[in-house]
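A.B. asks: The sequence and its predicted three-dimensional model are supplied below.
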Amino acid sequence: MPSTTPGKVVLITGAARGIGAQTARELARRGATLSLIGLEPDELKAVAAELGEGHTWFEADVTDPDSLQTAIDGTIAAHGRLDAVIANAGIAPLGTVLNGDPHGFTKTVDVNLNGVFHTARLALPHIIEQRGYVLIVSSLSAFAPIGGMAAYTASKAGADALASALHSETQHLGVAVGTAHPSWIDTDLVRDMKTDLRSYSEMRKRLPWPMHATTTVEKCGTAFANAVERRSRRVYVPRSIMLMHWLRNLPSSKLVARLMAPSLRKIMPQMEAEVAALGRSFSARNQALQGKPKDPADKS
């Protein structure tokens, strides 16, 4: 089947590195024109240059509607249209509900949920005009929550629900809305957590299949590009994650709780102690970005 991507203009938030950057590479390979949004201008510029002529980048913060509007206006000025948007920007804090930094929790919800809302709302007039596509990046965590990731889980579950509501609101306008549910993808975000917290790695080892598998960023980028091409309603990375969506009540069942209880009794206090020793709510990379003035977008 021939690709439907050539000529399409696609905006991606969190495009400076990781999933966002790799998805941009794959879409550019298929003939799309990219508008890259993120907090790291040097990385954005490098990715845009790697993609070749005709692509644009904008430093913008998904939690700041004004800077995001400027980026979207710049996209339209440069390319004349917007066919698809991927709301990919996201962060993950360290710590439990009891001992985690409240700012880390609220900041995660602001980026991962409010940032998705701002991205979708501001891009929507242009997407409606092209009868285009919105892909909201949720997570396996939205329907398979685990300890130590409450803020991330809550924000990604909210993003999933937001996407479902948006689908209902825009279907009659010819707009397609999808959600992506990646598991553990080999990105800076996942690697930084593994480096910071030994307990994090221990907990992952104890998760049942398919919840513990790690997927390459290349495979994830291909899956996201396929979603844009097919206007997919759901995207699972890897595809086995679909099973956990069907069995979404299993992770919170009494059976799984009994199986995980011995490990969690040890791992949760260990995680709290490790986060306290770090003295920060995010990875060092994300902590530095969160401290920047409110002008620029988060990354995945």
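C.D. replies: Sure, I can see it.
A.B. asks: got the contact list for the most centrally placed residue in the chain?
C.D. replies: Nearest to the geometric centre of the chain sits Asn88, at 3.9 Å (Cα atoms, centre = their mean). Residues in contact with Asn88 (Cβ atoms under 8 Å, 6 or more residues apart in numbering) are Ile12, Thr13, Gly14, Ala15, Ile19, Gly20, Thr23, Val137, Phe224, Ser300. Backbone N, C-alpha and C define where each C-beta goes, glycine included.
A.B. asks: What distance do you get for the closest residue to the fourth one other than its chain neighbours to Ala227?
C.D. replies: Spatial nearest neighbour of Ala15, excluding adjacent residues (Cβ to Cβ, 6 or more residues apart in numbering): Leu36 at 3.8 Å. Separation of Leu36 from Ala227 (Cβ to Cβ, to the nearest Å) stands at 18 Å.
A.B. asks: out of the two, which sits in the more crowded spot?
C.D. replies: Neighbour totals were compared for Leu36 and Ala227, and Leu36 leads with 28 against 23 (other Cβ atoms under 10 Å).
A.B. asks: SS state for that one?
C.D. replies: strand (DSSP: H, G, I helix; E, B strand; the rest coil).
A.B. asks: measure it to Lys45 for me?
C.D. replies: Distance, Leu36 to Lys45, by Cβ to Cβ: 9 Å.
A.B. asks: Kindly report the same for Gln69.
C.D. replies: From Gln69 to Lys45 the distance is 21 Å (Cβ to Cβ).
A.B. asks: same question, Ile136
C.D. replies: For Ile136, the distance to Lys45 equals 26 Å [Cβ to Cβ].
A.B. asks: Pro41 contacts Glu59, doesn't it?
C.D. replies: Yes. Applying Cβ atoms under 8 Å, one finds Pro41 in contact with Glu59, separated by 4.7 Å.
A.B. asks: Of the two, give the one with the bigger neighbour count.
C.D. replies: Glu59 (21 against 13).
A.B. asks: so the more buried one sits right up against Leu44, yeah?
C.D. replies: Yes. Counting by Cβ under 8 Å, Leu44 is a contact partner of Glu59 at 6.8 Å.
A.B. asks: what do the two both touch?
C.D. replies: Gly38.
A.B. asks: hey, what's Val85 bridged with?
C.D. replies: Leu11, Val134 (DSSP bridges).
A.B. asks: number of nearby residues for it?
C.D. replies: 28.
A.B. asks: quick one, strands of the stretch 151-300 of the chain?
C.D. replies: 176-182, 184-185, 214-215, 234-237 (DSSP state E, counting those that start in this stretch).
A.B. asks: Can you tell me which of these is most buried?
C.D. replies: Most buried of those by mean neighbour count (mean count of other Cβ atoms under 10 Å) is strand 176-182; its value is a mean of 24.
A.B. asks: That strand - which strands sit beside it in the sheet, and in what orientation?
C.D. replies: Using DSSP bridges, strand 176-182 pairs in its sheet with strand 133-137 (parallel), strand 234-237 (parallel).
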